[in-house]
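S.K.: dropping the sequence and predicted coords here.
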Amino acid sequence: MALIKSVRGFTPQIGENTFLADNATIIGDVVIGRDCSIWFNTVLRGDVNSIRIGNRVNVQDGTVIHTLYEKSVAEIGDDVSIGHNVVIHGAKIEHGALIGMGAVVLDHAVVGNGALIAAGSVVLSGAHVEPGSIYAGVPAKFVKKIDPEQSLEINQKIAKNYLFYSSWYR
């Protein structure tokens with residue numbers, strides 16, 4: 001059973017039909033929407049500030065989401081896919097974005113609607129990733145624009161797939 005821990009008077013809120021892996025850790029001021037999946041060894045640590053996760057979001061194995069005390073919050077929109085071993089620290093990830101495996105997105109960065117962050121990339125503090133674009137590298141830089149409908153379709157498919165995968169564990 002996932003570790004769900006209250007801290008500083010905040011108790012995580014978990015949306016309907018959301019899968020939490022047995023060793024996922026959800027702490028403090030965390031709100032997760034419906035139809036999400038939070039996978040193995042994931043840590044959502046809302047101890048120092050808030051974490052808000054929309055609907056149909058998959059947060060894959062080994063990911064850590066955290067914030068800065070009284071300085072940043074983490075906001076994840078709807079239909080977002082967050083790959084394995086990602087670090088999101090006090091950033092905003094807008095609807096339909098995809099964060100590739102091993103990427104790092106730092107405080108006050110904004111990843112626009114339908115954007116894709118390539119695996120292993122580092123989005124620096126305060127960076128603004130254009131909606132419907134691919135960014136890659138260390139630090140992450142613009143690569144090219146992508147069709148917004150195609151991006152949304154891919155991310156919705158991934159979200160549905162992960163919800164299906166989670167049914168195997170219920």
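M.R.: Arrived safely. Numbering: from 1, shown residues only.
S.K.: from residue 31, how far off is residue 15?
M.R.: To residue 31, residue 15 is 8 Å away according to CB to CB, to the nearest Å. Where you see a C-beta, it was placed from the backbone N, CA and C, and this is true even at glycine.
S.K.: next one: residue 73
M.R.: 11 Å.
S.K.: in a helix, that's where residue 153 is, yeah?
M.R.: Yes: residue state for residue 153 (DSSP: H, G, I helix; E, B strand; the rest coil) corresponds to a helix.
S.K.: could you give the number of residues near it?
M.R.: 13 (other CB atoms under 10 Å).
S.K.: per-residue pLDDT, it?
M.R.: In the predicted model, residue 153 carries a pLDDT score of 84.
S.K.: contacting residues around it?
M.R.: Counting by CB atoms under 8 Å, 6 or more residues apart in numbering, residue 153 makes contact with nothing.
S.K.: from what I can see residue 45 touches residue 25, true?
M.R.: Yes: with contact defined as CB atoms under 8 Å, residue 45 and residue 25 form a contacting pair (7.4 Å).
S.K.: for this protein, what spans make up the helices?
M.R.: Using DSSP state H, the helices of the chain run over residues 148-167.
S.K.: look up the residues forming beta bridges with residue 37.
M.R.: Beta-bridge partners for residue 37, by DSSP bridges, are residue 19, residue 58.
S.K.: so how far is residue 163 from it?
M.R.: From residue 37 to residue 163 the distance is 6 Å (CB to CB).
S.K.: what number of residues lie near residue 125?
M.R.: By other CB under 10 Å, the residues close to residue 125 number 14.
S.K.: thinking again about what came up before, neighbour count winner among residue 37 and residue 163?
M.R.: residue 37 (26 against 17).
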